[in-house]
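>>> Compute the structure for the input listed below.
(3 chains)
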Amino acid sequence: MKNVSDHRAKKIDVSGMIVMPGGVDIHSHIAGSEVNTGRLLRPEDHFKDSECKTSVTRSGVGYSIPSTFTTGYRYARMGYTTVMNPSMPPLEAKHTHEELNDIPMIDKATYPLLGDWWFVLEYLSQGNIEELARHVAWMISSTKGYAIKIVNPGGLEAWGFGHNVTSLDDQIPHFCITPREIILGLCRVNKLLNLPHSVHLHTNNLGKPGNYATALETMKCVEKLANGEKPVLHITHCQFSAFTGDDWRTLGSGAEEIAKYLNGHSHITIDMGQVIFTDTTTMTADGPFQFGLYGLTGNKWVNHDVETETSAGIVPFHYRKKSFAHATQWSIGLELALLVKDPWKIYMTTDHPNGGPFTAYPKIVAWLTSKKARKATLKKINPKARSRSLLPSIDRELGFYELAIMTRAGQAKALGLKHKGHLGVGADADIAVYNVNPHKTDPSKEYKKIRKAFKHAAYTIKSGRVVVKNGEVLTPVEGATIWLDVKVSDPFKVTADMKRRFREYWTVEYDNYPVTDHYLEISQPIPVKADV
Amino acid sequence: MPYIESVTCPVCGCLCDDIRLRIEAGKIVEVKNGCAMCESKFLGYCGEHRLSKPLLRKNGELVEVSLNEAVKKAAEILTEANYPLLYGWSSTSCEATRVGLELAEEVGGVIDNTSTVCHGPSVLSVQDIGIPSCTLGQVRHRADLVIYWGCDPWSAHPRHIERYTSFSEGRFEKSEWKGYLSKTKALIVKKKIEKALKRVFARQAPSLSPSVRREPPPTLFKQGRKMIVVDVRRTRSAETADYFIQVEPNKDYELLEALRLLVRDEELEVEEVAGIPVAYLEEVADLMIRCNFGALFFGLGLTMSRGKMRNIDAALSLVRDLNTRTKFTIMPMRGHFNVSGADTVFTWQTGYPYAVDFSLCYPRYNPGETSAVDVLLRGETDASLIVASDPVSNFPRKAAEHLVKNPLIVIDPHMNATAQMGDVVIPSALVGVEVEGTAYRMDHVPLPLKKVVEPPEGLISDEEILRKILSEVRKIKTGKTEES
Amino acid sequence: MTSNQRLQAILITGRTIDQGVGKEKGKTSKEYFDGVAICHIDPADLKKLGVKGNVNVQISTIYGSVIVKAVESPRAPHPGIVYMPYGPWANAVSDPDTDSIGMPSLKGINAEIEPIGDKPVLSLSELLKSQFGKEPYALH
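Here you go, the predicted model:
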């Protein structure tokens, strides 16, 4: 530590406790149009879980889609200090940022959805990667975004007329291009722009039995772009893309195959998308998938397509222990995390709130660090799912260092956030302290103690201030919004081209589209110099 | 620079953002691209009806006071009240609503926005059924069938058809404007002939039967975009449509459910529903199934007439069912320019879109109990703060009576009926004209509201006024805790 | 024909472009008064009432009564339906019942219409004062 005056610094006694960098979440739907529509859709979700106003905190509601203030407080109580919001329709970016401003306690960033943007489809079908790169740079900077997000590439454009794509090589109606070309093209763009994170992908065929093959094909299709140790593609909530089988009866786990591939390659990272047995709300930009889920459950269904860009869908969902499919999904997530040998390649998420609310992270911590914890849950799940689960054959129990990688260091590294996920020189003073003595507590046996400790951090320190003590919010603080200021060589060329086509493509004016500084309460731009 | 470009019009839920304004000597002198309401707002905003000084009711009469005095009095009223109502919000910025929610939480009151008396039932229905929807550009690019049900865009959202639906130019669907022009010309000729005939056969004036049973015209089966209007009256919009279905008053539910059955290929064993022969309805259902992309817009004709939210249930279910056959979307025609934004901010801060009660220190939501009209009808509130709204005009008289009876604080740029009845009246600068902010279009697209001229001297935004009241309320409260 | 006829009708309230323009101009403006303190009646119904249009009528429901100017409906035919633009005059007679969902019943109310002869339509201030007994603010 440099330049810290010894007598003026506040001293906290954390002997006998675990000290980690503040938690980093690479994928959690906490703000924006679909999250908020989910809140609006489900008063019944909030009735059972509300938070009173205190002298320092604002009131709010939980459960699966907490209101903004509550979201910030609950993350901070678990020792998390940085969260990535993974799906932002560019046209509605202002909404996402307005909500992020109202989420206290954490730093945050958000990924614009770009996989089905007409400009992407058109430039790729012309093979004009450099021009596309310049437009993507414009879009990321204009929406104050952080990474390129792709969801069911091609499927969302097709969904505009109620259709979908089912393989990497399907033709996207009206655009003469395939999902494979979108993924490859945007990975190339990502490289040209020198973006800190890789492309962040929600695969085609997500949530369908047999889709592990699509996931593997997707990973293979970008193999040739491999770039030393730097990953080129992040496959998010991989559990939902790791199904074998032909239908829901024959559903099985593709975790072994996917883990095998990851163990042999280093151009891919993934996150879990762990399923929690609870009532939750599914929301993705994958409109056709959500419609399928409506068909499957008959629950209420929201669809929201966004012109020239993307779509979105929402369906409430209850994961039940006694359901074969749900229990199998639960097993797949943990299998992935335990079978992938290198913790730098897989990160802990629930794809909040799709697999379950983020508040369930301590449960996952227990399952990952204790075979006994897994056994306790296995005992209660659907017997057919139990008999097919690989979990009983897996002895691995993560140590605290591995856990720290999967919950902060690895996520920060994959995101290219140099000031997060570590406690070295140059790191933000974002620190989590958990009241467990790693020398005296055996997580394998005392998993309940671990779960409790990770639920309520002993201390959460944000930018050098103690903001949470023993799971209670002491001081509410505002977090920054991190975004990429991507510099290209000739930005004016892009603007002229955009302006020309703007009125044809969108129903808003060019001037009113970008997210101005007004929409970021604490703006933290990261300058990026592109190669175009 | 003679023109300010890309100004967002703060009037209706269309939130047209292509308005050009010419400013001369600090005044707006010309409006381009806007509708009649837009022009009226931008050219007339600073007329004699504008409030310029804060007012306080002393001895039964409103007299001018300083801003500080008005703010202090407002804060006192709100702090002393047990159960204040904070109402309005749909005609101000999201930024102001954010502060309003904080204030409501601080004083433990109930906060509601105008959704409660417009699309509240739609929200309740969405919470039961969900909603397949989209942004308006999706309709512009793709819709080959547009239905307006219980709404009259020509009157309430004058540029809706031109900017977003039938008369707009999309990527996959073209504008029907030219077709409409030739149709209108033909109609004028027809009317002339009819008039001439009327003169000749004066005694046999062609009278239409009460329920106009117009057959679906052949134009409905043409190529290109088609437009259907369903209403109880032959509105201006109905005249634009390819087919006008005149539903009997309070029979929308029956008609929607009949269409649902037809869409599911069920037989209807009656001759007509809501005054429309089933044979015609079959044609309409067929058209809905066969379109590539359908869009249904509905208005207060559904939310306010008998059945209320059940009508919306039926409409949402119809569109949801249609999605198993084709692509179909549905959208409420939101009235005030930022009523969507008010719902949005309410929801992200509290989890609920309107009718939020903070009296137990956490947000509670139960429309019918915590909604403005109900708390007023039950006589529960003991003070009110009205921001950018006119409930004395818009609420049924009985509800307004209770509002007026208790201390009433009004923040508004204009002297409306509620301000006339107010006890503390604080004039504000006009958002979207004199101060900036953010508003959400009816399809949830956020748009910036611009500042194009300076506000009259001494006037500040709703947001700033609310912040002043909030900080004053906190001062009074800390003072009280210190005393005790 | 006598002008004492009464008409049983269904009252619908809603938006008109004049109401919209008037509202933006100002609630105390003449435009607003002219656009809102009126009702649209079908020509056939006007005949039944024995009047031509542009006369004052009294609209009564079980919730109250109000005097407005009757004009021949530009949107005919809609016999049996009387249309009023939203505003304080319409709300003097509208149904406050929210059916426990927060929304009053502003469309489809049973109403009785009768010509009222020379009795004037109250201005906004007069209407407010008569309804609420509070002194409205005089702008000038």
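>>> I'd guessed A:Thr495 sits against A:Ala137; true?
No - the pair A:Thr495 / A:Ala137 is not scored as a contact, 11.5 Å apart, by C-beta atoms under 8 Å. Just so you know, the C-beta spots here come from the backbone N, C-alpha and C atoms, and that holds for glycine as well.
>>> Let me know whether my guess that C:Lys69 is in a strand holds.
Yes - checked against DSSP: H, G, I helix; E, B strand; the rest coil, C:Lys69 lies within a strand.
>>> measure the closest residue in space to it that isn't next to it in sequence to chain A for me?
In this structure, C:Lys69 finds its nearest non-sequential neighbour in C:Ile38, 4.7 Å apart by C-beta to C-beta, 6 or more residues apart in numbering or on different chains. Separation of C:Ile38 from chain A (C-beta to the nearest C-beta, to the nearest Å): 35 Å.
>>> Just give me the neighbour total for C:Ile38.
25 (other C-beta atoms under 10 Å in any protein chain shown).
>>> cool, and the one 3 residues further on?
Here the number of neighbours of C:Ile41 (other C-beta under 10 Å) works out to 27.
>>> Look up phi and psi at it.
Main-chain dihedrals, C:Ile41, degrees, to the nearest 10: phi -120, psi 140.
>>> C:Gly50 too?
Taking degrees, to the nearest 10 as the convention, C:Gly50 sits at phi 80, psi 30.
>>> is it true that it touches C:Val57?
No - with contact defined as C-beta under 8 Å, C:Gly50 does not reach C:Val57; the gap is 11.3 Å.
>>> Find residues that contact each of these two.
C:Pro115 (C-beta atoms under 8 Å, 6 or more residues apart in numbering or on different chains).
>>> Those two: which is more packed in?
Each of C:Gly50 and C:Val57 has its neighbours counted (other C-beta under 10 Å); C:Val57 has more, 27 against 14.
>>> Look at A:Thr495 and A:Ala137 and report which has more neighbours.
Under the criterion of other C-beta under 10 Å, the comparison of A:Thr495 against A:Ala137 puts A:Ala137 first, with 24 against 13.
>>> Which elements pack onto whichever strand or helix holds B:Leu262?
Assessed by DSSP states H and E, B:Leu262 sits inside helix B:252-263. The contact analysis (3 or more C-beta pairs under 8 Å, 6 or more residues apart in numbering or on different chains; DSSP states H and E) places helix B:252-263 against strand B:272-273, helix B:278-290, helix B:309-322.
>>> highest average neighbour count across those?
helix B:309-322 (a mean of 24; mean count of other C-beta atoms under 10 Å in any protein chain shown).
>>> wait, does the helix or strand following it contact chain A?
Note on helix B:309-322: by DSSP H and E, the next helix or strand toward the C-terminus is strand B:327-332. Yes - contact of strand B:327-332 with chain A (C-beta under 8 Å from any C-beta of the partner chain) involves B:327, B:329.
>>> Specify the angle between strand B:327-332 and helix B:278-290 in degrees.
110 degrees (axes from the mean of the first three to the mean of the last three C-alpha atoms, to 10 degrees).
>>> Now do strand B:327-332, average pLDDT.
Across strand B:327-332, the average pLDDT comes to 98.
>>> With stretch A:63-81 instead?
pLDDT averaged over stretch A:63-81 gives 98.
>>> Just the endpoints, please. Distance across that stretch?
Taking C-alpha to C-alpha, to the nearest Å, stretch A:63-81 runs 20 Å from one end to the other.
>>> The lowest-mean-pLDDT helix or strand in chain C and chain B, are they touching?
One helix or strand of chain C scores below all others by mean pLDDT, DSSP states H and E: helix C:17-25, with a mean of 83. Yes - contact between helix C:17-25 and chain B, assessed by C-beta under 8 Å from any C-beta, occurs at C:17, C:20-25.
>>> and that helix, what other elements does it pack with?
helix B:36-44, helix B:153-156, helix C:30-36.
>>> hmm, 6 Å instead?
helix B:36-44, helix C:30-36 (3 or more C-beta pairs under 6 Å, 6 or more residues apart in numbering or on different chains; DSSP states H and E).
>>> right, and the helix or strand after the longest one?
Put plainly, it is helix B:36-44. Next along the chain after helix B:36-44, taking DSSP H and E as the criterion, comes strand B:55-58.
>>> Quickly run through the sheet partners of the helix or strand just after that next one, with directions.
Using DSSP H and E, the helix or strand that directly follows strand B:55-58 along the chain is strand B:61-64. With DSSP bridges as the test, strand B:61-64 is paired with strand B:55-58 (antiparallel).
>>> hmm, back to that, now list the buried members of the residues of helix C:17-25 next to chain B.
Buried members of the residues of helix C:17-25 next to chain B, counted by 16 or more other C-beta atoms under 10 Å in any protein chain shown: C:17, C:20-25.
>>> Output the helix or strand that A:Ala327 is a member of as PDB, restricted to C-alpha atoms.
A:Ala327 belongs to helix A:324-339 when assigned by DSSP H and E. Taking C-alpha atoms only, helix A:324-339 is exported to PDB below (Å, rounded to 0.1, in the frame of the first residue of the first chain):
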ATOM      1  CA  PHE A 324     -36.800 -34.200 -13.400                       C
ATOM      2  CA  ALA A 325     -35.800 -31.400 -15.800                       C
ATOM      3  CA  HIS A 326     -35.200 -28.700 -13.100                       C
ATOM      4  CA  ALA A 327     -33.200 -31.100 -10.900                       C
ATOM      5  CA  THR A 328     -31.100 -32.100 -13.900                       C
ATOM      6  CA  GLN A 329     -30.500 -28.400 -14.700                       C
ATOM      7  CA  TRP A 330     -29.400 -27.900 -11.100                       C
ATOM      8  CA  SER A 331     -26.900 -30.700 -11.400                       C
ATOM      9  CA  ILE A 332     -25.600 -29.600 -14.800                       C
ATOM     10  CA  GLY A 333     -24.600 -26.200 -13.400                       C
ATOM     11  CA  LEU A 334     -22.600 -27.700 -10.500                       C
ATOM     12  CA  GLU A 335     -21.100 -30.400 -12.800                       C
ATOM     13  CA  LEU A 336     -19.700 -27.700 -15.100                       C
ATOM     14  CA  ALA A 337     -18.200 -25.700 -12.200                       C
ATOM     15  CA  LEU A 338     -16.500 -28.800 -10.800                       C
ATOM     16  CA  LEU A 339     -15.400 -30.600 -14.000                       C
END
